[in-house]
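In: with the sequence up front, the predicted model follows.
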Amino acid sequence: MIIEVNSEREMKDFGVKLGTLLRGGEIVELVGDVGAGKTTLTKGIGEGLSVAEDIQSPSFTISRIYEGRDALRLAHYDFYRLHDAGIMAHDLEEAIGDPETVTVIEWADIAQGVLPTERLTIRLTSPTEAKRELQIGAQGERYLKLSRELA
């Protein structure tokens, strides 16, 4: 499934929609070039999870944890600066294994050996300066259902 967004606001709104559908234990992999909108999308997911804090890119800190609604947490990872996820493997496994944590991973290709096969993958491309295309891929029944709800 491909979803087209034409502004930063639309990107965030899509994230809000996704965030409202999440119940905990989900893994969302974000794939895209620098400036494609991964962090903006994550900000929307956080808003949909009722995160009160301002979500910031964890490019330099690698990860950030935010408290949301219904005792849910948002674990936001950015592996852009890593060459190997080994340093973060244990931390990532804990987040993924927690049913009250929604895990969002930017530049997840670094962590492929640690991630379970069942997850939601969103590939962000920039055909023009303002327009973004989100290609939604789902592995596993839970994520197939989620992708249908996003359509």
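Out: Now that the structure is in, tell me what you want to look at. Keep in mind it's a predicted model, so treat the numbers as computed, not measured. Numbering: from 1, shown residues only.
In: every contact and neighbour count from this point should use C-alpha atoms.
Out: Noted.
In: mind giving me the packing neighbours of the helix or strand bottoming out on mean pLDDT in the chain?
Out: With mean pLDDT, DSSP states H and E as the measure, the helix or strand of the chain carrying the lowest mean pLDDT is helix 89-97 (a mean of 82). When contacts are defined as 3 or more CA pairs under 8 Å, 6 or more residues apart in numbering; DSSP states H and E, helix 89-97 sits against strand 101-106.
In: got the angle for the strand it packs on vs helix 89-97?
Out: 130 degrees (axes from the mean of the first three to the mean of the last three CA atoms, to 10 degrees).
In: can you pull the buried residues of the least confident helix or strand of the chain?
Out: Neighbour counts over helix 89-97 (16 or more other CA atoms under 10 Å) mark Leu92, Ala95, Ile96 as buried.
In: now render the residues you listed as JSON lines, adding distance to Val5.
Out: Output for these, formatted as JSON lines (distance: CA to CA, whole Å):
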{"residue": "Leu92", "distance to Val5": "30"}
{"residue": "Ala95", "distance to Val5": "29"}
{"residue": "Ile96", "distance to Val5": "28"}
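In: which one among the residues you listed gets closest to Ile105?
Out: Leu92 (9.4 Å; CA to CA).
In: tell me where the model's unsure across the chain.
Out: 58-61, 80-89 (pLDDT under 70).
In: quick one, strands of it?
Out: 2-5, 27-32, 63-67, 73-78, 101-106, 119-125, 132-139 (DSSP state E).
In: for the last one, enumerate the helices and strands it packs against.
Out: This points to strand 132-139. strand 2-5, strand 119-125, helix 141-150.
In: what's the most buried one of those?
Out: strand 119-125 (a mean of 21; mean count of other CA atoms under 10 Å).
In: what's that one in contact with?
Out: 26-33, 36-38, 132-140, 143, 147 (CA atoms under 8 Å, 6 or more residues apart in numbering).
In: only whichever of these are buried, select them in ChimeraX.
Out: Under the burial definition 16+ other CA under 10 Å, those of the contacts of strand 119-125 that qualify are selected in ChimeraX by:
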select :26,27,28,29,30,31,32,36,37,38,132,133,134,136,137,138,143,147
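In: mind naming the longest helix for the protein?
Out: helix 8-21 (DSSP state H).
In: show me which positions of it end up buried.
Out: Glu10, Met11, Lys12, Asp13, Phe14, Gly15, Val16, Lys17, Leu18, Gly19, Thr20.
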